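Participant: mind folding the following:
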Amino acid sequence: MNLPDVDVDEALVAPIDSVNDVYEQPHGRVHRFVHMAGEYFRLPDPVSRMAKLDEALKDITVRLMHRDPPEQFINGTRRERKGEGEDFRYALTCWSKFMRFTGIKVRDTIHYSFNENEQVLSVEKVVPYVRRSD
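Facilitator: Below is the predicted model of the structure:
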């Protein structure tokens with residue numbers, strides 16, 4: 001169905017991970033996922049489990065592979081309750097500072113991987129959001 005007079009825009013809320021693959025490596029697993037940048041960044045549950053954040057909050061190494069040359073820094077994590085009587089979910093701290101530092105904008109699409117062995121979250125690719133024109 002084609003409705004040329006209807007203007008549909010993208011949602012402002014970051015969607016659930018669109019790619020959610022775990023690859024077995026000889027010395028650990030790598031979890032790859034794609035996420036739309038929003039006002040905050042919650043780690044996917046498989047990444048939280050691989051980082052063992054349920055045992056203790058800790059800093060995570062973030063590697064910016066999409067930059068030339070690649071950069072690396074340490075970022076903190078925080079715990080949030082999913083809902084009344086539910087488990088916790090985990091997020092990166094200082095997300096807006098992270099976005100400014102990396103040049104990522106809200107609604108950009110970011111390709112990540114988390115290496116369980118190295119305990120490193122890598123930003124592999126950033127696809128800038130482009131507003132559709134009529």
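
Participant: where does the residue nearest in space to the middle of the chain fall, helix, sheet strand or coil?
Facilitator: In the chain, the centroid-proximal residue (CA atoms, centre = their mean) is residue 35; its distance is 5.4 Å. Classification of residue 35 by DSSP: H, G, I helix; E, B strand; the rest coil places it in strand.

Participant: can you check the pLDDT for it?
Facilitator: As predicted, residue 35 sits at a pLDDT of 91.

Participant: partners of it in the sheet?
Facilitator: Beta-bridge partners of residue 35, counted by DSSP bridges, are residue 110.

Participant: touching, it and residue 113? I think so.
Facilitator: No - between residue 35 and residue 113 there is no contact under CB atoms under 8 Å: 11.7 Å. Using the backbone N, CA and C atoms, a C-beta is placed for each residue, glycine as well.

Participant: just the endpoints, please. Distance across stretch 90-105?
Facilitator: 21 Å (CA to CA, to the nearest Å).

Participant: avg pLDDT for it?
Facilitator: According to the model, stretch 90-105 has a mean pLDDT of 88.

Participant: send me the longest helix along the chain as CSV with only the CA atoms.
Facilitator: In the chain, taking DSSP state H as the definition, the longest helix is helix 95-102. Taking Å, rounded to 0.1, in the frame of the first residue of the first chain, the C-alpha atoms of helix 95-102 are listed here in CSV:
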residue,chain,number,x,y,z
TRP,A,95,26.3,8.2,28.4
SER,A,96,25.8,11.8,27.1
LYS,A,97,29.5,12.5,27.8
PHE,A,98,30.3,9.3,25.8
MET,A,99,28.1,10.5,22.9
ARG,A,100,29.8,13.9,22.8
PHE,A,101,33.2,12.4,22.9
THR,A,102,32.5,9.9,20.1
